[in-house]
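K.L.:
Need coordinates for the below:
(2 chains)
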Amino acid sequence: MVRMFILWCAILLSLNATDAYDKNCVKCHASLPISLEKIFMQYLAAYGGKNNVKVGLDHYFRYPAKDISVMPSEFLNKYGVYYHYKNNDNELKKAIDIYWEKYKVIGRLK
Amino acid sequence: MQALKSKATNSLLASEKKSLFRFLTLYILMMMSIIVLISLFYYQNQEKTMFLSKRDMLSDYAYEQIKKLKILHDSFPAHNIYPRDPRFKSAIYDLEYVKIFSLIDSNDIDFNKDMYITDDNKIHFIKTLYEYYLGAKYLILEIPDDGQWKDEAWQNIFIFGGIAIILFTIIGFYIANLFLDPMRSSILLLDRFIKDTTHELNTPLSAILANIEMIDMTSITNDNKKKINRINIAAKTVSQLYQDLTYLTLEHDIHKNDENVENKSLIESRVECFDILAKSKDITFILDLEESYIYINRRKWTRVIDNLLSNAIKYNTRKGTIYITLEQNMLIVSDTGIGIETTKIPFVFDRYARFNNSEGGFGIGLSIVKKIIEEYNMQIEIKSRPKYGTIVSIKW
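P.N.:
Sure, this is the predicted structure:
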């Protein structure tokens, strides 16, 4: 019984976790010409390590601006800067964490 | 004179030895630290030169590798094979020093330097990226260090270090000699003076002694007898000194005229000879003599005994006692005199050493004793306690 409960909790949690990214980001970005994966690689090239990238993303989502964006200027001209922060710190943090885990390079080179 | 000089230079005094030893330790310590310092400097310089010769090559490698990383970055994750190169091994680390990917053997990376040698003899070259392809800030290249420069450096250190040591040693000896020269020349001067004086003493002294012998004791008054006795004592003291001085300054052949000397009667006769001197200070002799022989030059052995006896009298207190014990292979002379401090004992054998200003003398007696003792491979030991007395024992 207890085991069932734990399993159920875990499933719920993981669903919830994937949600934070899938729910919030993927759909809208799918309509954009540059993939989230490519954007991630841009961030990685600009910010380097794990914490730096996460802080960089967080900062951009809260205070988006043309001159700190990694996107090409034609892109920004067409779509404008997008204000990602939706007054939900927890959700944003989760989304960023998942974003990092999904595309990080560490451990995936051969 | 030449013989005298070589004699003086051959036997360093204990005090001379001590100062020479101090100087040499200081000198050697300084010399060693200088050589070590120079070697260290040289070694580091060689390392730098080696780095310089490899730096250009490694910079080129790094440049190529970064280009490959950029290509991989753009096609990741469709392609995820890290670019390899047979000429070197490499690794990438992010700006938080987290390993992204590594092919290198040595994992103790020092991010503070851009080039160094690891403990397992690999050369590491670290290149910083300005755009973090694949998240990498640091690219580390690793090539093996053939160690040739090291062997060469060590070889040079040994060769030149060795030459330096030899050179420094020669200089050291030269300086040490310069140090000792003034000491020696003053001793030589004293020696020469004493030798000259001794010659002059000979004739008057024999005249005095001979004439005292010739005085007819029966025909003079008691009062005069006492006076003559005092003259006799004084003359004998001078004679002792004269004997020592001639021994010291005239040539004496080693082991010449050695014979089997009967100790008991010799000592008895020497004690008798010193009796008048001892009586003048109210000193009593207590003898405990066994039958004993020694193979030695009689004149030299007499010098040894005389000097021990005269010291025992000279440094004794009034109404003191002198014990003489003779065993099969040992002679012990002990007195109840003023004694000497333990720290000064090693220096009592030095020529011209004197520890008591109230008693006259040149301080040559014990240096003669030591010379003879050494010549015959005997052992001498001095034990003393200030105000209680001194025990001198000789073993053969």
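K.L.:
Which parts of the stretch 251-396 of chain B are strands?
P.N.:
Taking DSSP state E, counting those that start in this stretch to define them, one finds strands in the stretch 251-396 of chain B at B:258-262, B:284-289, B:293-297, B:321-327, B:330-335, B:379-385, B:389-395.
K.L.:
Quick one: mean pLDDT over the second one.
P.N.:
Here the mean pLDDT over strand B:284-289 is 93, rounded to a whole number.
K.L.:
Partner strands of that strand and their direction?
P.N.:
Note on strand B:284-289: by DSSP bridges, its sheet partners are strand B:321-327 (parallel).
K.L.:
I'd like to check the angle between the strand it pairs with and strand B:389-395, please.
P.N.:
Between strand B:321-327 and strand B:389-395, the angle formed by their directions is 20 degrees, by axes from the mean of the first three to the mean of the last three CA atoms, to 10 degrees.
K.L.:
what separates strand B:321-327 from the chain centre, distance-wise?
P.N.:
Centroid separation for strand B:321-327 versus its chain: 35 Å, with CA atoms, centre = their mean, to the nearest Å.
K.L.:
Residue A:84 in helix, strand or coil?
P.N.:
Here residue A:84 is coil, with the state taken from DSSP: H, G, I helix; E, B strand; the rest coil.
K.L.:
Can you report phi and psi for it?
P.N.:
Here is the backbone geometry of residue A:84 (degrees, to the nearest 10): phi -80, psi -30.
K.L.:
Near chain B, which residues of chain A? Just list them.
P.N.:
A:37, A:41, A:44-53, A:103-106, A:108-110 (CB under 8 Å from any CB of the partner chain). C-beta: built from backbone N, CA, C; applies to glycine.
K.L.:
Low-confidence regions, chain A specifically.
P.N.:
A:1-18 (pLDDT under 70).
K.L.:
again, only this time at 80
P.N.:
A:1-19 (pLDDT under 80).
K.L.:
Would you agree residue B:274 is in contact with residue B:310?
P.N.:
Yes. Residue B:274 is within contact range of residue B:310, at 6.9 Å (criterion: CB atoms under 8 Å).
K.L.:
Neighbours of residue B:45, how many?
P.N.:
11 (other CB atoms under 10 Å in any protein chain shown).
K.L.:
what would the strands of the stretch 251-396 of chain B look like in CSV with mean neighbour count?
P.N.:
Formatted as CSV, the strands of the stretch 251-396 of chain B follow (neighbours: other CB atoms under 10 Å in any protein chain shown):
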stretch, mean neighbour count
strand B:258-262, 13
strand B:284-289, 13
strand B:293-297, 17
strand B:321-327, 19
strand B:330-335, 21
strand B:379-385, 15
strand B:389-395, 19
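K.L.:
Which among the ones you listed is found nearest to residue A:82?
P.N.:
With CB to CB as the measure, strand B:379-385 is the member of the strands of the stretch 251-396 of chain B nearest residue A:82 (103.8 Å).
K.L.:
Am I right that residue B:139 is in a strand?
P.N.:
Yes. Counting by three-state DSSP, residue B:139 is found in a strand.
K.L.:
Per-residue pLDDT of the nearest residue to it once chain neighbours are set aside, please?
P.N.:
Of all residues not flanking residue B:139 in the chain, residue B:127 sits nearest, at 4.6 Å (CB to CB, 6 or more residues apart in numbering or on different chains). At residue B:127, the pLDDT value in this model is 96.
K.L.:
Compute the first-to-last residue distance for stretch A:95-110.
P.N.:
27 Å (CA to CA, to the nearest Å).
K.L.:
Now that stretch: buried residues?
P.N.:
A:95, A:96, A:98, A:99, A:100, A:103, A:105, A:106, A:109 (16 or more other CB atoms under 10 Å in any protein chain shown).
K.L.:
Tell me, how many residues neighbour residue B:72?
P.N.:
Around residue B:72 there are 20 other residues, counting by other CB under 10 Å.
K.L.:
In which helix or strand does it reside?
P.N.:
Remark: residue B:72 resides in helix B:14-75, with elements defined by DSSP states H and E.
K.L.:
sorry, back to before: am I right that the residue nearest to residue B:139 is in a helix?
P.N.:
No. Counting by three-state DSSP, residue B:127 is not found in a helix; it is strand.
K.L.:
what's the spacing between it and chain A?
P.N.:
If you measure residue B:127 against chain A using CB to the nearest CB, to the nearest Å, the figure is 15 Å.
K.L.:
What residues does that residue make contact with?
P.N.:
Going by CB atoms under 8 Å, 6 or more residues apart in numbering or on different chains, residue B:127 touches B:59, B:62, B:66, B:114, B:138, B:139, B:140, B:141.
K.L.:
Name the nearest of those relative to residue B:396.
P.N.:
Lowest distance from residue B:396 to the contacts of residue B:127 (CB to CB) belongs to residue B:114, with 76.1 Å.
K.L.:
Quick check: bridge partners of the nearest residue to the closest one once chain neighbours are set aside?
P.N.:
In space, and not counting its chain neighbours, residue B:114 is closest to residue B:126: 5.1 Å by CB to CB, 6+ apart. Listed by DSSP bridges, the beta-bridge partners for residue B:126 are residue B:140.
K.L.:
ok now do residue B:126, which residues does it touch?
P.N.:
Counting by CB under 8 Å, 6+ apart, residue B:126 touches B:109, B:111, B:113, B:114, B:115, B:138, B:139, B:140, B:141.
K.L.:
Residue 25: neighbour count?
P.N.:
I went with chain A, as the question did not name one. Residues near residue A:25, counting by other CB under 10 Å: 16.
K.L.:
not what I meant, chain B
P.N.:
Neighbours around residue B:25, by other CB under 10 Å: 10.
K.L.:
same check, this time on residue B:36
P.N.:
Counted with other CB under 10 Å, residues neighbouring residue B:36 total 12.
K.L.:
where does residue B:294 sit relative to chain A, distance-wise?
P.N.:
94 Å.
K.L.:
Make sure residue B:131 is actually in contact with residue A:47.
P.N.:
No. Assessed by CB under 8 Å, residue B:131 is found out of contact with residue A:47, at 10.8 Å.
K.L.:
out of these two, which sits in the more crowded spot?
P.N.:
Shown here are residue B:131 and residue A:47; by other CB under 10 Å, residue A:47 has more neighbours (21 against 14).
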